[in-house]
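S.K.: Give me a model of this one.
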Amino acid sequence: MQTILVIVHVLIALSIVGLVLLQRSEGGGLGMGGGGGGGAGGMSGLMSARGTANLLTRVTAIAATLFFVSSLLLSILVTNSGDRGSIVDNMVVPEVVETTTGDEGPSVPVQ
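M.R.: Numbering: from 1, shown residues only. Predicted structure coming up:
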């Protein structure tokens, strides 16, 4: 469940990036969500420039809401999971065994 929600969360984030890049900024920028004049060409033949901007704004707002909801759901899932330990606590550390070889000198660690 958590893995599926993370995948959906990333897809929503990528869609927000794409939607924001499609929108027309005041300076023109990368805006492809209008284009042309008031007549034909591009997407203005399908919808007016104002209608396209309103549609992109609404879809971006919906995607942002879904992003916040998925963020909250992920945090709730992680908080309620039974695994409260750190990944550092779960690491396997090899033991170091010290051996002495008599009176020949200091001990040498052996792994």
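S.K.: got any ranges where the protein has weak pLDDT?
M.R.: Residues of the chain meeting the criterion pLDDT under 70: 26-50, 83-85, 100-111.
S.K.: Strands of that one, start to end?
M.R.: For the chain, the strands defined by DSSP state E occupy 97-99, 108-110.
S.K.: The first one packs against which elements?
M.R.: Looking back up the chat, that one is strand 97-99. strand 108-110 (3 or more CB pairs under 8 Å, 6 or more residues apart in numbering; DSSP states H and E). C-beta: built from backbone N, CA, C; applies to glycine.
S.K.: In the chain, which helix is the longest?
M.R.: Secondary structure of the chain per DSSP state H: the longest helix is helix 49-80.
S.K.: list the buried ones in that one?
M.R.: 49, 52-53, 56, 60, 63, 66-67, 70 (16 or more other CB atoms under 10 Å).
S.K.: which residues does T99 bridge with?
M.R.: V108 (DSSP bridges).
S.K.: Begin at 48 from now on, thanks
M.R.: With 48 as the first residue, the last one maps to T146.
S.K.: To what extent is it buried, counted in neighbours?
M.R.: 8 (other CB atoms under 10 Å).
S.K.: mind listing what the closest residue to V106 other than its chain neighbours touches?
M.R.: Setting aside the residues directly before and after it, V106 is nearest to L66 in space (CB to CB, 6 or more residues apart in numbering), at 6.0 Å. For L66, the contacting residues are 103, 106-107, 110, by CB atoms under 8 Å, 6 or more residues apart in numbering.
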